[in-house]
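Visitor: Test case, fold it:
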Amino acid sequence: MRFTRLDRLVARFRRYRQRRSTRQRLRDLNSHLLKDIGMTRFEAEREARKSFWE
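Guide: Numbers count the residues shown, from 1 in each chain. Got it, this is the predicted structure:
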């Protein structure tokens, strides 16, 4: 299967949306859950502030 430019653009857009969603969820975790995954509140906030393309 050969991907067109539009296919690649749509795939990139989906990845950006997924990153944004994941970062928002990370930011919303409470301190106990962050500790469970080995992150501090500072690290979660820093990750959440990243641009969607990073």
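Visitor: To which secondary structure element is the residue nearest to residue 44 when sequence neighbours are not counted assigned?
Guide: The shortest distance from residue 44 to any non-neighbouring residue, by CB to CB, 6 or more residues apart in numbering, is to residue 26 (5.1 Å). All C-beta spots, glycine's among them, are computed from the backbone N, C-alpha and C. Following DSSP states H and E, one finds residue 26 within helix 5-28.
Visitor: Just the residues contacting that helix, thanks.
Guide: 3, 39, 44, 45, 47, 48, 50, 52, 53, 54 (CB atoms under 8 Å, 6 or more residues apart in numbering).
Visitor: in the helix or strand following it, what's buried?
Guide: Using DSSP H and E, the next helix or strand after helix 5-28 towards the C-terminus is helix 31-36. For helix 31-36, burial by neighbour count (16 or more other CB atoms under 10 Å) applies to residue 34.
Visitor: Run through the neighbouring helices and strands of helix 31-36.
Guide: helix 41-48 (3 or more CB pairs under 8 Å, 6 or more residues apart in numbering; DSSP states H and E).
Visitor: ok so, going back, distance check, the residue nearest to residue 44 against residue 49.
Guide: 11 Å (CB to CB, to the nearest Å).
Visitor: Between those two, which is the more surrounded one?
Guide: residue 26 (17 against 10; other CB atoms under 10 Å).
Visitor: Compute the distance between that one and residue 45, please.
Guide: Residue 26 is 9 Å from residue 45, by CB to CB.
Visitor: who wins for most neighbours among the contacts of helix 5-28?
Guide: residue 44 (20 neighbours).
Visitor: Surely it touches residue 34?
Guide: Yes - assessed by CB atoms under 8 Å, residue 44 is found in contact with residue 34 at 5.6 Å.
Visitor: Would you mind listing where this protein has pLDDT under the threshold?
Guide: 1 (pLDDT under 70).
Visitor: thinking again about what came up before, state the pair within the contacts of helix 5-28 that is farthest apart.
Guide: 3 and 45 (36.0 Å; CB to CB).
Visitor: and residue 22, how many neighbours does it have?
Guide: Count around residue 22 with other CB under 10 Å applied: 12.
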